[in-house]
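I need the structure of the sequence given here:
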Amino acid sequence: SCGLSGGSRLHDLMITCESVTPGEYKTWGEGLEISYGTQLSPFGYCFIALTERGVCKLAFFDAPEGEIAALEELNAEWPKAKFYENVPLTDTVLRQVFSKSDGASGKLNVLLKGTPFQIQVWEALLKIPENEVVSYQQLAASMGKSSSVRAIASAIGRNNIGYLVPCHRVIRST
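The predicted structure follows:
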């Protein structure tokens, strides 16, 4: 479990994360079932993909046709998985993520697929307090990896669950 990045993260959601095992990584998702769907969100169209262990992809785009590209990316990430469109399920998750009502609290799981270093970077992103930003250098220092700023920036760019794993909170120092 990665823990919380602040006292009130994403409308009181508790984000827990789990990473895929090395074996799962090597099999390219063989035996994995992924439900997906596209919904309207406060940021335009939102593509959500879920496994039984949590959200594995969250992407935003301006036109409904963006779903095709998001699904192609998902297929490239998990080429041996089975994909099922499940709009009601993804609608439930979307409401959980973006609801502004006090009754929206609950736990949301994310499933991270990456190298151990990428997972470490994404876990560090979850620790950035809500409504705050840090520089790439500050994030690297907080991880004890001050000389790895470029590698950290690269890992941030590979985050497939943006918004939930808040890469938007890291900015250039200038």
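
CA only for contacts and neighbour counts going forward, please
Noted.

neighbouring strands for the lowest-mean-pLDDT helix or strand in the chain, and are they parallel or not?
None of the helices or strands of the chain scores lower by mean pLDDT, DSSP states H and E than strand 13-19, at a mean of 69. Take DSSP bridges as the rule and strand 13-19 pairs in its sheet with strand 106-112 (parallel).

Run the chain-centre distance for the partner strand.
Centre-to-centre, strand 106-112 and its host chain are 9 Å apart (CA atoms, centre = their mean, to the nearest Å).

Residues in contact with that strand: which ones?
Where contact means CA atoms under 8 Å, 6 or more residues apart in numbering, the residues beyond strand 106-112 that reach it are 12-20, 51, 53-56, 96, 119, 161.

Against residue 97, how distant is residue 151?
In this structure, residue 151 and residue 97 are 29 Å apart, going by CA to CA, to the nearest Å.

Neighbour count: these two, which is higher?
When residue 151 and residue 97 are compared on other CA atoms under 10 Å, the one with more neighbours turns out to be residue 97, at 20 against 15.

Can I take it that the more buried one is in a helix?
Yes: residue state for residue 97 (DSSP: H, G, I helix; E, B strand; the rest coil) corresponds to a helix.

I'd like to know how far it sits from residue 39.
12 Å.

Spit out the contact partners of residue 137.
With CA under 8 Å, 6+ apart as the criterion, the residues that contact residue 137 are 146, 149, 173.

please redo it, this time with the cut-off set to 7 Å
For residue 137, the set of contacting residues under the criterion of CA atoms under 7 Å, 6 or more residues apart in numbering consists of 146, 149.

How many residues are close by residue 158?
Other residues near residue 158 number 15, with proximity taken as other CA under 10 Å.

What does the pLDDT read for it?
Confidence per residue is given as pLDDT, and for residue 158 that number is 83.
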